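Undergrad: Only the shape, not the letters, is given here:
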């Protein structure tokens, strides 16, 4: 039986797949579907010919009933392990129908010892258990938390997509309340990252391995959008497994992997972050599973190099940051982030470190590694020096002189002090700081973007002091960034004329909604990794506790609206997979903080020394002719 590991990476050719004669349908997360099929790749699609039709219910796990009323009881091990409390005493939580309604008494809490004061007295009468109510509250909380996790795992596994009988990803959302699925039934690379991390932490490696190898085969190498070619090495934003009749044979069907590089997306913007996330997930897979054979494969090494060459290519831009257009990352609509948005720079820095760790040493990669090291030093210096803002830096900008023409100018980007927005003057805490959202000539985007700041901590793009300051700001501005549901994607929202001009009057990005100041539960996992890295997990624990009060009851929305995240997003999908997976990853990492090392990248001593040399050389001094050869270019 062929597996994804046997499929070579071929550009513009065919991908052969071995043929099995076993027609028995069976599968699990760690197994494959056995039946005759032939898989090959032509053009931009990957096709699998099958000679047996099967119904949609084989795309579900065997332990999940396919009927209209599916009932799953939650058996809580913690509750059953408490002395004096049996499984008969706990009614627990259950999920009824395909909407996974969570039923309980007492609002959000499960039905524990329903209406039975005698049962509670029986539990409390045990001499080993105090009767002050504290232990009882803890037991109820544990039961409630475990039931949410069980529900989340059921929903995550039901979102799995199969190709040739093997799991290859998870769909973006499985919302039974709407028939207008748009592209939420596709596997998005950025959306799958928390799903993949959750499966890795659970010890279920096959789905991540398959995802890595199949998306690798979809890397761009032909024209896709209005006869224009994306750069070679571009990863698709998403892909869909399509089952269509086989031409000339009514008794057979074919499965096709159909990628989308942005040509069908709203706004028609190609994703920049997909390839960066792919590299980060590849490293996490190797570290978690111990299987380094995947990253050592020739086709995978080629894929890494293609992404790096695309990102490191020379152009007119003179900054070490990546120049990208609006909508090229998690904020995939017009939100005024055109230029050098922090999110892309943080992911870029992380991917460079991950790639350098995985690249096999050979003569052909020496120049690439040299360019990679040069960019790492320059990028770190640029972000740390020019993107950082705190009260000290804000006072410095307030007193900037403008129109400085010289090599030793202090105001290098000709920032006008009047750009400092009134909200920032009041919002900036005395203790804490953050990395601004964007920097271009005569323009600083002072908005706080969460993913960029959190991943700057995770990837060591921010210094240790800056990383702690970012978490200090999160604590100081908790009511703004967390409120009733973590975590604000950006702060503050664009309003009034500013919203009209910058977003183009986008009706979905209205103030305090969606990307314009909305709250996204999936950001819990990035917050958790950042807090664990800085040895401050209590911040993430507090945020997770807030999320648990509502997220299951609200049916796992994509995002929340209003300043305090009090409403479910007006156009938010329910049962959003990365909301589910983000919560699960946060819980798994908090229970085992050491596992966060698969995502964290540390700055090595060589790069740190080069960066220190750049700082000590005083970048504000007058530029002189280059009289010495240096390894690192800043």
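TA: It's in. Computed from a predicted structure; not experimentally measured. Numbering: from 1, shown residues only.

Undergrad: which intervals of the stretch 151-300 of the chain have sub-threshold pLDDT?
TA: In the predicted model, the stretch 151-300 of the chain carries pLDDT under 70 at residues 221-230.

Undergrad: one more time with 50
TA: For the stretch 151-300 of the chain, applying pLDDT under 50 flags no range at all.

Undergrad: Also the stretch 301-450 of the chain?
TA: In the stretch 301-450 of the chain (pLDDT under 50), no residue qualifies.

Undergrad: same thing with the stretch 1-150 of the chain?
TA: Looking at the stretch 1-150 of the chain by pLDDT under 50, you get 1-43, 49-131.

Undergrad: Any buried residues in stretch 388-398, and which?
TA: 388, 389, 390, 397 (16 or more other Cβ atoms under 10 Å). To be clear about C-beta, it is placed using only N, CA and C from the backbone, and glycine gets the same treatment.

Undergrad: where exactly do the helices run in the stretch 401-550 of the chain?
TA: Here the stretch 401-550 of the chain has its helices, by DSSP state H, counting those that start in this stretch, at 422-427, 450-458, 464-476, 478-481, 496-503, 524-533, 537-548.

Undergrad: Make CSV from the buried residues of stretch 388-398 and add distance to residue 237 and secondary structure to it.
TA: Listed next are the buried residues of stretch 388-398 as CSV, based on distance: Cβ to Cβ, whole Å; DSSP: H, G, I helix; E, B strand; the rest coil:
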residue, distance to residue 237, secondary structure
388, 31, strand
389, 31, strand
390, 35, strand
397, 36, helix
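
Undergrad: Would you convert the residues you listed into CSV that also reports distance to residue 584?
TA: Below are the buried residues of stretch 388-398 laid out as CSV (distance: Cβ to Cβ, whole Å):
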residue, distance to residue 584
388, 33
389, 33
390, 34
397, 41
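
Undergrad: Could you point out the longest strand of the protein?
TA: Selection of the longest strand in the chain by residue count, based on DSSP state E, yields strand 249-260.

Undergrad: Could you list the paired strands of it along with their orientation?
TA: Applying DSSP bridges, strand 249-260 is found paired with strand 45-50 (antiparallel), strand 238-246 (antiparallel).

Undergrad: returning to that earlier point: could the helices of the stretch 401-550 of the chain be laid out in a markdown table, adding mean neighbour count and distance to residue 370?
TA: Output for these, formatted as a markdown table (neighbours: other Cβ atoms under 10 Å; distance: least, Cβ to Cβ, whole Å):
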| stretch | mean neighbour count | distance to residue 370 |
| --- | --- | --- |
| helix 422-427 | 11 | 40 |
| helix 450-458 | 27 | 24 |
| helix 464-476 | 19 | 27 |
| helix 478-481 | 16 | 40 |
| helix 496-503 | 14 | 39 |
| helix 524-533 | 27 | 28 |
| helix 537-548 | 18 | 38 |
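
Undergrad: Which of those helices sits closest to residue 268?
TA: Residue 268 lies closest, by Cβ to Cβ, to one member of the helices of the stretch 401-550 of the chain: helix 496-503, at 16.9 Å.

Undergrad: now the closest one, how far from the centre of its chain.
TA: Mean-position distance between helix 496-503 and its chain equals 28 Å (Cα atoms, centre = their mean, to the nearest Å).

Undergrad: Using JSON lines, please lay out the helices of the stretch 401-550 of the chain together with distance to residue 293.
TA: As requested, the helices of the stretch 401-550 of the chain are exported to JSON lines (distance: least, Cβ to Cβ, whole Å):
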{"stretch": "helix 422-427", "distance to residue 293": "50"}
{"stretch": "helix 450-458", "distance to residue 293": "26"}
{"stretch": "helix 464-476", "distance to residue 293": "34"}
{"stretch": "helix 478-481", "distance to residue 293": "41"}
{"stretch": "helix 496-503", "distance to residue 293": "46"}
{"stretch": "helix 524-533", "distance to residue 293": "26"}
{"stretch": "helix 537-548", "distance to residue 293": "33"}
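
Undergrad: by contact count, what packs against whichever strand or helix holds residue 373?
TA: Assignment of secondary structure by DSSP states H and E places residue 373 within helix 366-382. Helix 366-382 is packed against helix 298-312, helix 342-358, helix 605-616, with contacts defined by 3 or more Cβ pairs under 8 Å, 6 or more residues apart in numbering; DSSP states H and E.
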